[in-house]
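# Could you work out the structure for the sequence below:
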Amino acid sequence: MAQMSPRNKRGPGNRRKKFGAGVREQSQCRFCREKVKYVDYKDIDTLQKLLTNRGKIFSRKRSGNCAKCQRKVQRAIKRARFMALLPFTT
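Now for the predicted structure:
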């Protein structure tokens, strides 16, 4: 009979967390809270917060945006890249 490693044993400290435990759900995304109707492609500081250091756009879940605002952000980032305000890659 093979022995199990200590990591595989379930003890009081290795319990699986229940779904949603400790996760706080925000009511609105940052653009909806500020009632922004248009995400400006020239606002580089805001757009850079929604990009990784490699230049990829963060997902909705990671950035906390709603679907509508995520589409606006995506369009603004692509316009800023086209105008050479943001890099395509680094």
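# all helices for this protein, in order.
Ranges of helices in the chain, per DSSP state H, are 30-33, 44-48, 60-63, 67-82.
# Check which residues of the last one are buried.
To tie it back to what came earlier, the one meant is helix 67-82. 69, 70, 72, 73, 76, 77, 79, 80, 81 (16 or more other Cβ atoms under 10 Å). Yep, even glycine has a C-beta here, placed from its N, CA and C like the rest.
# what's the average pLDDT for that helix?
The average pLDDT within helix 67-82 is 96.
# For that helix, which outside residues touch it?
29-32, 36, 38-44, 47, 50-51, 57, 60, 63, 65, 86-88 (Cβ atoms under 8 Å, 6 or more residues apart in numbering).
# Dump that helix to PDB, restricted to CA.
What follows is helix 67-82, C-alpha atoms only, in PDB (Å, rounded to 0.1, in the frame of the first residue of the first chain):
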ATOM      1  CA  ALA A  67     -19.900  43.900 -20.400                       C
ATOM      2  CA  LYS A  68     -21.000  47.200 -21.900                       C
ATOM      3  CA  CYS A  69     -18.100  49.200 -20.400                       C
ATOM      4  CA  GLN A  70     -15.600  46.500 -21.300                       C
ATOM      5  CA  ARG A  71     -16.600  46.900 -24.900                       C
ATOM      6  CA  LYS A  72     -16.100  50.700 -24.600                       C
ATOM      7  CA  VAL A  73     -12.700  50.100 -23.000                       C
ATOM      8  CA  GLN A  74     -11.600  47.700 -25.600                       C
ATOM      9  CA  ARG A  75     -12.500  50.100 -28.400                       C
ATOM     10  CA  ALA A  76     -10.700  52.900 -26.600                       C
ATOM     11  CA  ILE A  77      -7.500  50.800 -26.100                       C
ATOM     12  CA  LYS A  78      -7.500  49.800 -29.800                       C
ATOM     13  CA  ARG A  79      -7.900  53.400 -30.900                       C
ATOM     14  CA  ALA A  80      -5.100  54.500 -28.600                       C
ATOM     15  CA  ARG A  81      -2.900  51.700 -30.000                       C
ATOM     16  CA  PHE A  82      -3.700  52.800 -33.600                       C
END
